[in-house]
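Participant: I'll drop the sequence and a predicted model, then ask my questions.
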Amino acid sequence: MTRTPAERVLLGVGIVFAVLGSLFPFVWFVLTSLKSPLAVEAIPPTWWPDGNLGFYRSALAEHQLLAYVGNSVIVAGSTTVLSLALAIPAGYALARIPMAGKSWILGGLLTISMFPQIVIAGPIWQLLNRLGGLNTHWGLTLPYVALTLPLAIWILATFFKDLPLELEEAARVDGCTVWQTLYRVMIPLATPGIFTAAILTFIYAWNEFFFALLILTDPAKQTLPVGLALFQGEFTMPWGELAAASVLATLPLIVLVLVFQRGIISGLSAGAVKG
């Protein structure tokens, strides 16, 4: 379908406005984090920052931001590793082992991942209470793995399905077992899909708020989203420190996506187009 020059111009303008609208909240937080306390509270608001780094020093020194970041790294990293460790063999099995009802299994996995969090919050809390998992990082990691595993399996199953079957057969002729074929041949070929599943899982665990608030009540163990939500001063809301902390919390995800954007696009497009 060809577009007229006017249509292309309108499309370009629409894309520019959409991108600017998406970036505006983050840019505003960056500008706010670099202002002085008086400039943050000024009415009307000032647009340009003063280059002040006091809010960053305060967020790191007075609000335990590094502790929250460390907790989030532990939980998100553990969730990603465990989810991939289970999703890779499960996705490979669904892609290669003949079985009835594969489409129903994949559809059921996606349906489970769409359950509202509030519906399963009570049973998860009771289960973790009996297991002694409340106020522990592993107690938060287990629900995260359960919630991210269906999507990871679906991504990897569709990706494994599209890999050449001849390479797998050649590996078995050379004497490789199923596990050796998976880890020596299939996983290197499925790197884009694995990157996609890993990054989506990490981002979910990094940003998740509801279960983190429900399971972790000890401030020393809370993750970054909960820590930011409880970022309060004695008498006023510290908007400058909150903006600085939000920038530091968002920046790692932006860098992660920018570094691995080709792998993410390749993984998602392969599963969408070929699967």
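Facilitator: Right, received. Where do you want to start? Numbers count the residues shown, from 1 in each chain.
Participant: what element comes up after the longest helix seen in the chain heading to the C-terminus?
Facilitator: Secondary structure assigned by DSSP state H gives helix 65-96 as the longest helix of the chain. Using DSSP states H and E, the helix or strand that follows helix 65-96 in sequence is helix 102-113.
Participant: That next one: which residues count as buried?
Facilitator: Buried residues in helix 102-113, counted by 16 or more other CB atoms under 10 Å: 106, 109, 113. Every C-beta, even on glycine, is put in place using the N, C-alpha and C of the backbone.
Participant: got the contact list for the second one?
Facilitator: Looking back up the chat, that one is residue 109. Residue 109 makes contact with 149-151, 153-154, according to CB atoms under 8 Å, 6 or more residues apart in numbering.
Participant: From those, pick the one nearest residue 118.
Facilitator: Distance to residue 118 across those (CB to CB) is lowest for residue 150, with 18.2 Å.
Participant: pLDDT at the closest one, what is it?
Facilitator: Note on residue 150: pLDDT of 89.
Participant: That one - how many residues pack around it?
Facilitator: 20 (other CB atoms under 10 Å).
Participant: And for the one 3 residues further on?
Facilitator: Counted with other CB under 10 Å, the neighbours of residue 153 add up to 26.
Participant: Tell me the spacing between it and residue 185.
Facilitator: 20 Å (CB to CB, to the nearest Å).
Participant: tally of neighbours for residue 246?
Facilitator: Here the number of neighbours of residue 246 (other CB under 10 Å) works out to 20.
Participant: again, but for residue 10
Facilitator: 12.
Participant: Residue 217 now?
Facilitator: 11.
Participant: Which residue, neighbours along the chain excluded, lies closest to it?
Facilitator: residue 135 (6.0 Å; CB to CB, 6 or more residues apart in numbering).
Participant: so which strand or helix has the one you found?
Facilitator: With DSSP H and E as the criterion, residue 135 is inside neither a helix nor a strand.
Participant: who touches it in this structure?
Facilitator: By CB under 8 Å, 6+ apart, the residues touching residue 135 are 215-218, 221.
Participant: Which pair of those spans the longest distance?
Facilitator: Top of the distance list for the contacts of residue 135 (CB to CB): 215 and 218, 10.1 Å.
Participant: how about residue 97, phi and psi?
Facilitator: phi -80, psi 130 (degrees, to the nearest 10).
Participant: How much space separates it from residue 181?
Facilitator: For residue 97, the distance to residue 181 - CB to CB - is 12 Å.
Participant: Between these two, point out the one with more neighbours.
Facilitator: For the pair residue 97 and residue 181, the greater number of neighbours falls to residue 181 (20 against 9), based on other CB under 10 Å.
Participant: distance of that one from residue 105?
Facilitator: Taken as CB to CB, the span from residue 181 to residue 105 is 22 Å.
Participant: Quick one: low-confidence residue ranges for this protein.
Facilitator: Scanning the chain for pLDDT under 70 picks out the ranges 1, 232-236, 263-264, 266-275.
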